[in-house]
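> sequence? don't have it. structure:
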């Protein structure tokens, strides 16, 4: 359980690149997420081009940390020609959370940047990354070596737990 409590949203990064082997491990972790009917509708766009990273904050006001991050991964879902398209958002959200846990496990920092359901962000990222028709961008995760420390946190709230009925 410690990795779950240790995972925090990190928005400040050191100017240090992330090697390809680490990127592959992160993607393997993300792709180990569950999906409806095992359809795995996810696709990942690895972004390490400084020009692209600097463009995202122009249409996503809460993504300023990408100007420092050496890497980001966009999590996208295919919504056509799959058995359960209505679960694409959930499937890709599970992959996003797995990615965040993998980031923490590998000693990196990251933060989830929501794209879906904001139309301006969906259009902006789709154009920037040249996503094909039928591919929906759901999130971007900024990734890097943390340049800030945050203590593990217990977010358990007893008043949010109900047994059998509300």
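Sure, I can see it. None of these values were measured; they are calculated from a predicted model. Residues are numbered from 1 along each chain as shown.
> Report the next helix or strand after the helix ranked longest in the chain in sequence order.
Longest helix in the chain by number of residues (criterion: DSSP state H): helix 88-105. Proceeding N to C from helix 88-105, the next assigned helix or strand is strand 109-114, under DSSP states H and E.
> List the buried residues for that next one?
109-113 (16 or more other C-beta atoms under 10 Å). Backbone N, C-alpha and C define where each C-beta goes, glycine included.
> So which elements touch the helix or strand just after that strand?
As assigned by DSSP H and E, the chain's next helix or strand after strand 109-114 is helix 119-129. If contacts are counted by 3 or more C-beta pairs under 8 Å, 6 or more residues apart in numbering; DSSP states H and E, helix 119-129 sits against helix 50-55, strand 135-144.
> Which one of these lies nearest to residue 94?
In this view, these are compared for proximity to residue 94 by C-beta to C-beta, and strand 135-144 is the closest at 10.8 Å.
> How about the closest one, which residues are buried there?
Buried, per 16+ other C-beta under 10 Å, within strand 135-144: 135-144.
> Between those residues, which sits nearest residue 78?
residue 135 (5.8 Å).
> what is that closest one paired to in the beta sheet?
residue 78 (DSSP bridges).
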